[in-house]
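Colleague: pasted the sequence and its predicted model underneath.
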Amino acid sequence: MSWTRRHLLTLEELSLAEIEQIHVTATAFKKILGRSVKKVPALRGKTIVNLFLEPSTRTRMAFDMAAKRLSADVISLDAASSSTTKGETLRDTAENIAALGADMIVIRHSCAGSPLYLSKILNIPVINAGDGSHEHPTQGLLDTFTMKEHLGTLKGRRVVILGDILFSRVARSNIHALVKFGADVTLVGPATLVPPSLETLGVRVSHDLRSALADAEVVMLLRIQHERQTATMFPSLGEYTSMFGLNKTRASWLHPKAIIMHPGPINRGVEIDSDLADGNRSVILEQVTNGIAVRMACLYLCAGGNPEAVTPTA
Ligand code: CP
């Protein structure tokens, strides 16, 4: 199958075959990352601009590393050091970046729809690195990639996403991917953060933590996104933790081989106990590592790279 998209904006719009193609390409790049020379010349001569107008540690660094591993030139711009602080619009900022010769823009922005907007006004590929509460497609891709490494097929697998779903772009991207893979997805959390309307996405909604976690093969924790909440969604963090925080007792309800995931940043002692975040069922740092290979695949394919040229060897 050939890759035909210039932009990566959402997982909602990708087909299962496209998601699988990114995963296959990421598998090939992961093998390269295991070598002593971790670099390939695939994007030599290209310039990628990482425009991060919202804070980030993992996504921004992984995109930086992915571009460098592909031999691209990388320039990173954040909100504090850009002329957006002087009132420059997103459109003007992006058009100036394109005028300076960028071949691709990776954008993180607090406004849902910003990457789509840029894809309509620029003539270069645009990659969504997280837009408001809407989507975080590369996170959904690296999360499902990590799940497949541990579980093989995702079809029929019991996946629980626990926490602030309403404001989570990570949850939304994972839901779109997991439903396409045929996973059995349950969303759990306080009713204010996990409304029944989310069932229209093809998942189950529950507010009963014990029955949701029972025999689940994956639990993905999400932090409370205070920066996006416009009202108090529950009485206090302490009450959230007492009712929905993952601790040793609650983790014992999971399938014996269950994996524990979190996209980061973690609020230790709030949505997850430190013992579990650092324990042997946690794959949290594997998710971070996989973020490089998955983002290499996204940059490579959207830049017009030939998927066949990086076919993994057995
Ligand atoms: N998972 C994630 O998006 O983390 P950052 O905000 O640190 O990029």
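Modeller: Arrived safely. Just so it is clear, the model here is predicted, and its values are computed rather than measured.
Colleague: on the three-state scheme, the nearest residue to Arg204 once chain neighbours are set aside is what?
Modeller: Computed as CB to CB, 6 or more residues apart in numbering, the closest residue to Arg204 that is not its neighbour in sequence is Thr186, at 4.6 Å. For the C-beta atoms, the positions are set from N, CA and C on the backbone; glycine is no exception. Per DSSP: H, G, I helix; E, B strand; the rest coil, the local secondary structure of Thr186 is strand.
Colleague: for Thr186, give me its contacts.
Modeller: Arg158, Val159, Val160, Ile161, Val203, Arg204, Val205, Ser206, Ala212, Ala216 (CB atoms under 8 Å, 6 or more residues apart in numbering).
Colleague: let's have the residues you listed in CSV, adding secondary structure, distance to Thr10 and neighbour count.
Modeller: Output for those, formatted as CSV (DSSP: H, G, I helix; E, B strand; the rest coil; distance: CB to CB, whole Å; neighbours: other CB atoms under 10 Å):
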residue, secondary structure, distance to Thr10, neighbour count
Arg158, strand, 25, 19
Val159, strand, 19, 27
Val160, strand, 23, 24
Ile161, strand, 17, 27
Val203, coil, 17, 21
Arg204, strand, 22, 13
Val205, strand, 21, 19
Ser206, strand, 26, 17
Ala212, helix, 26, 21
Ala216, coil, 26, 21
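Colleague: with those residues in mind, which one is nearest to the ligand?
Modeller: Ile161 (13.9 Å; CB to the nearest ligand atom).
Colleague: where does the closest one land on pLDDT?
Modeller: Note for Ile161: predicted pLDDT of 98.
Colleague: do Thr27 as well
Modeller: pLDDT, read off for Thr27, is 98.
Colleague: can you tell me how far the residue nearest to Arg204 is from the ligand?
Modeller: 21 Å (CB to the nearest ligand atom, to the nearest Å).
Colleague: likewise Ser81?
Modeller: Taking CB to the nearest ligand atom, one finds Ser81 at 17 Å from the ligand.
Colleague: state the distance from Gly238 to Met65.
Modeller: With distances taken as CB to CB, to the nearest Å, Gly238 is found 38 Å from Met65.
Colleague: neighbour count: these two, which is higher?
Modeller: Met65 (18 against 10; other CB atoms under 10 Å).
Colleague: contact partners for the more buried one?
Modeller: So Met65 contacts Ile292 (CB under 8 Å, 6+ apart).
Colleague: could you check how far the residue nearest to Arg204 is from Leu166?
Modeller: Distance from Thr186 to Leu166, by CB to CB: 15 Å.
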